[in-house]
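1. how does the following fold in three dimensions:
(chains A, B and C)
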Amino acid sequence: MRPHRPRGAEPAGRRRLGRSRSEALAFYGFVSPWVIGTALLTLFPVGYAVYLSFTAWDGISPVKPWVGLDNYHEVLTSGDTMASLTKTLLLVAIIVPTTIIGSLLLAVLLNEKVRGRTVFRTLIYIPAIVPPVAASLIWKVAFDQNSGAVNRFLRMFGVTAVSWLTGSRAFVVLIVVLLWSIGAGIIIFLAALQTVPAEQLEAVKLDGGGPLTAFRHVTLPVISPVLLFQTVLVTITTLQTFVPVLLLSPLSDHGMQDVYTNIPNANRVYMVDVYQQFFAYSRYGYGSAMLTVFFLVIVALTAVIFKVAGRTVFYAVDPNAPAKEG
Amino acid sequence: MRTPETATPAPAAETAPAPRPSRRSPRRVVVFLTLLLVSVLLALPFVTLLISSLRPASQMSSDTWLPSVLRWQNYADAVKIIPFWKFARNSLVLSVVNAALTTLSSAIVGYGFARLRAPGKSLLFGLLIATMMVPQIVTLIPTYLLFAQMGLVGTYWPWVLWGSAGAPYAIFLYRQFFSSFPKELEEAAVIDGAGRIRIFVQIFLPLSRPLLVTAFVLAFNVVWGDFIAPNLLLDQSNTTLAVGVSTGYVMGQGFPLPNLIAGGAVLYLIPVILLFLAAQRSYVRGFANSGLK
Amino acid sequence: MPHSALSRRSVLTSAGFIAGAAALSACGNSGTTASKTPVKAKTGTLTIMSVQGEITPAEVAAFEKAHPGVKIKQINTDPTRLNAMLAAGNPPDVVRDAGTDVTPYIASRGIALNLDEYFAQSTVLKESDILPINNVWKWNGTAQGKGSRYGIAKDWSQDSMWWYNSDMWSAAGLKAPDPSQPITYDELADAAKKLTKTSGGKTSVYGLFTTTASMNRIGAMAATAGGRILSEDLGTADFTSPEAIAALTWLVDVAKAKTGYSLINPSPDWDGPEYVAGKQATSGQGYWFGGFLGSTAKAYQSKTVFAAAPMLGKKRVSPSFGAVGYWIPAKASNPGAAFQFIEWYCGGAGAHDRIAAGNGLPSLKSMLSLLPQTTAFDKAAFKVQSDELAYVDVLGNATPYAQTTALDTTIAKAFTAAVGSGTSVAKLADQLTKDVNAVLANGKKLAGK
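-> Below you'll find the predicted structure:
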């Protein structure tokens, strides 16, 4: 760190220049753990994957035949791939708004001083941390046509047993499973809500404004950066939906966890397609190309979110401000 | 700087203060009932897991709400059939070490992104967001090759390295969070001559207690719940509980034992639930009472 | 780093067929690896990739005691980890896999060690004592079932065989089938209809076991009518032969009839728990299921009968859908100790308890006598199994050009879509032929053929 100099010991201009340079140095000092770590632990693996996308590697042979842009051509012209991409985007369109609005509302309610809120918070949060293997058990048992709790419940109203895990209904079940972990976001929203200055909320109240006014004019602006974070995060994770699909897929007839084989067609989202290319078809090159294309789609989508949010997110200190030279 | 006018404090009150809602005000009741409904709805599948964990194997898929007998023995079996406590200890060590490092490291980096200006910053931030989008599957094989080259396969060092580098989502979260503190906060300190590190340590870290706790909980859960990395890098003698619970409850012929999976999963959840309960304490105090205006 | 050297080579391979690269993939081109003199077992770590819980701590301790200085390290079965370890040049010493499915793939790629010399010198796994099922672990460069040995089954079953609940069977007014004579698939489907109990859309008992349209299942069915799916050179598939059509018709019909779980009516579990809970009248598993009943629902044994593999046509064939066992990677660091483990676990002291409990058939003739034969149930199952042994065959259902999972994934996709939309079996057969051939063609292209 720059040692402290007595104020006024140097001309104003030079001081500002020195300060902005020292600020830049400080910035790079602060971000260095991540920069070094990413270069090693992320950029190298990603570079390797991009290299694979130009090969026809089967994942197991010592040779990795170079095929140029063939894989990319196939990705962009494959009907299957485009269909799974469309399905994935549909899932995002359903899940992201529901999850963001839902978990924000829940967090606001859970921030109220109501009786038993610790218990409520925990119950709502638990689904987000249940391990996949247990979640798989829960849902297969619950949605089973013949002995499942869902059909047992519906039977009380005279509904004939529904086959949930096949055909287009499987997609409905997938949405239910994804919405179950809506509580994942409340931990972040609860933290953000603590930053809302109580004085300002009080001021709105004194002004005769109701809780909605306070929420819109005080809470929302203060937590908007975190709201943006949460939107980006949920979008990215929803695009990469994969494990919940696996959870709902049946075992093979010899009981083996042949997980990539028996996935209902309705649930073939993009990452399922990718995993099948990798692990069922051993097409590591093609799978890598699919991921590269997908990555670009995610980047584009995220860029849109940032662009739209840019106008509404309120930062006390604008982290996007360009570095000004003194 | 974008400063929505809505964010400015409301003008001084002219009307009389509204009466504080009492503990039994209609609004409280509505909030309570809504939360009750949602919690029950979300907890139901978990309750079925609890019930499954007490079913005898023969009644796993019987068409009844409850088994005819509750088989508590499932829990005893669940800790016996796999080296449960050893896996739990491994998970705990990895999760605590990684989460502590991630929390601290991400806070440092997040502070840089939020409050310091430098050329190339937006480019780096774009890179940070981009790394959040990299699906884990892409990195599996090269990550293994990397750690194999470094001789770290089968050790816990990869988690130390990952933690020291900070996690993109946590860095992004800190960046968003630190950006919501008023500018005056550090201007006063800079004029005061405090170094950046001192500003960070003495002003920002204490203020971000709820966030530190949140980041720790999130990072802890990521490692505690991760199946892929330990399966890729560790072996059956030093692997984690997530791997043990996911793959260990099988009979001799390799078929899953669902009632033990349920029991193991319930036990597996306990530390995470306890951590969440503890973390909640930080949500009642925090910024609003920290004396900062 | 090793992979950067590899990548350079692979670039060369595509740029033109260069001598160095040809030498590198020589084993891949000839389709086999040469047999080498066995490497003596070293002390130190023996890394085994297997499923968790299968090789128990007690078994590990027993092996280590019998082989002082060798320390077993287990890694969970995981294709990514295996591929990564192979790429890094430090594969496990022993890998667990299904011999019926993987042998052509791993042998032709040169990643599996040719074990001929190891077997030749073995005093435990003697050539004359090895049961014919282990031919599925053989590959001669063009065909499975002949040539060099690449592995051996730990225990196995004939997986088109089936079991039924005799109480339910007679309650449905069905005549008990002659245990020595297989029934036809049509008879089985008819019986399943009578055994199935449905009301209000809810099925309380399924008559038929779970059926999945897979390479193994379709291939095994077609074989009983004298047909096969893959061409002799394993490079193309044909689902439109009369035998394949007959198999597909049956699978589509039982899936539509919902007399059993299938790809379009997935089971919440597998046959075992469903059968033991009285929710399935039959179980489509091989001999080992008797051992499963013995360890989980002993009371069920008295009303459970083992039956020969059904037939579609006139040829009695009863293959294995796995013959799960072990192979040794060509670059394993301790192949000597690896083979010692295979000997111990598949034919030595480590196999004894599994076989005696009826958890599968042994790989060695000399161990057949260990199979349980005390109770009436044991005796009946042993008799049916002994008769069935003569009909083991290598079906040639696996190919060097694609993993069996790839073919099964392709089949499942088309099958589900066809049954869902009511497409005719002829159209489904055309679709399967087209889709599976596309997968095979892609694999052939990569193999340079």
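2. residue C:149 pairs with what?
-> Partner residues in beta bridges with residue C:149, using DSSP bridges, are residue C:138.
3. just checking the longest helix along chain B against chain C, any contact.
-> Criterion DSSP state H: the longest helix present in chain B is helix B:84-115. No - if you take CB under 8 Å from any CB of the partner chain as the test, helix B:84-115 misses chain C, and the best it gets is 10.8 Å. For glycine as for every other residue, the C-beta is placed from the backbone atoms N, C-alpha and C.
4. can you name the residues that contact residue B:235?
-> Listed by CB atoms under 8 Å, 6 or more residues apart in numbering or on different chains, the contact set of residue B:235 reads B:154, C:47, C:73-75.
5. widest-spaced pair of these?
-> For the contacts of residue B:235, the farthest-apart pair by CB to CB is B:154 and C:74; their separation is 11.9 Å.
6. the two: who's more crowded?
-> Between residue B:154 and residue C:74, residue C:74 has the larger neighbour count (other CB atoms under 10 Å in any protein chain shown), namely 23 against 18.
7. specify the beta-bridge partners of that one.
-> In this entry, residue C:74 is beta-bridged to residue C:48, by DSSP bridges.
8. list the contacts for it?
-> Contact analysis of residue C:74 by CB under 8 Å, 6+ apart lists B:235-237, C:47-50, C:52, C:55, C:60.
9. thinking again about what came up before, need the contacts of residue B:235 in TSV with distance to residue A:127 and pLDDT, can you?
-> Formatted as TSV, the contacts of residue B:235 follow (distance: CB to CB, whole Å; pLDDT from 0 to 100):
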residue	distance to residue A:127	pLDDT
B:154	33	93
C:47	37	97
C:73	36	95
C:74	32	94
C:75	31	94
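10. quick check, nearest of these to chain A?
-> Nearest to chain A among those, counting by CB to the nearest CB, is residue C:75 at 16.3 Å.
11. tell me, how many residues neighbour the closest one?
-> Residues contacting residue C:75 under the criterion other CB under 10 Å number 24.
12. residue B:236 is in contact with that one, correct?
-> Yes - counting by CB atoms under 8 Å, residue B:236 is a contact partner of residue C:75 at 6.7 Å.
13. so how far is chain A from residue B:68?
-> The gap separating residue B:68 from chain A is 14 Å, by CB to the nearest CB, to the nearest Å.
14. so that residue sits in a strand?
-> No - under DSSP: H, G, I helix; E, B strand; the rest coil, residue B:68 sits outside any strand and is assigned coil.
15. so what's it closest to, chain neighbours aside?
-> residue B:59 (6.8 Å; CB to CB, 6 or more residues apart in numbering or on different chains).
16. so the one you found sits against residue B:67, correct?
-> Yes - using CB under 8 Å, residue B:59 is in contact with residue B:67, at 4.5 Å.
17. between the two, point out the one with more neighbours.
-> Neighbours were counted for residue B:59 and for residue B:67 using other CB under 10 Å; residue B:59 has more, 20 against 17.
18. got the contact list for the more buried one?
-> Neighbouring residues of residue B:59 by CB under 8 Å, 6+ apart: B:67-68, C:277.
19. pLDDT at it, what is it?
-> On the pLDDT scale, residue B:59 is placed at 78.
20. tell me the one of the contacts of residue B:235 nearest residue B:264?
-> Nearest to residue B:264 out of the contacts of residue B:235 is residue C:74 (CB to CB; 18.7 Å).
21. rewinding a little: most surrounded residue in the contacts of residue C:74?
-> Sorting the contacts of residue C:74 by how many neighbours each has (other CB under 10 Å) puts residue C:48 first, at 26 neighbours.
22. pretty sure it sits against residue C:75.
-> Yes - between residue C:48 and residue C:75 a contact is recorded at 7.1 Å, counting by CB under 8 Å.
23. and for those two, which residues touch both?
-> In terms of CB under 8 Å, 6+ apart, residue C:48 and residue C:75 are both contacted by the residues residue C:92.
24. which residues of the stretch 151-293 of chain B lie near chain C?
-> Checking the stretch 151-293 of chain B against chain C by CB under 8 Å from any CB, the hits are B:231-232, B:235-237, B:239, B:243-244, B:247-256, B:258.
25. and the longest helix of chain B, what does it pack against?
-> helix A:12-38, helix B:121-132, helix B:157-165, helix B:168-178, helix B:209-225, helix B:241-247, helix B:258-280 (3 or more CB pairs under 8 Å, 6 or more residues apart in numbering or on different chains; DSSP states H and E).
26. any chance of a markdown table for the ones you listed, columns distance to residue A:245?
-> A markdown table is the format used below for the helices and strands packed on helix B:84-115 (distance: least, CB to CB, whole Å):
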| stretch | distance to residue A:245 |
| --- | --- |
| helix A:12-38 | 29 |
| helix B:121-132 | 21 |
| helix B:157-165 | 26 |
| helix B:168-178 | 22 |
| helix B:209-225 | 18 |
| helix B:241-247 | 16 |
| helix B:258-280 | 19 |
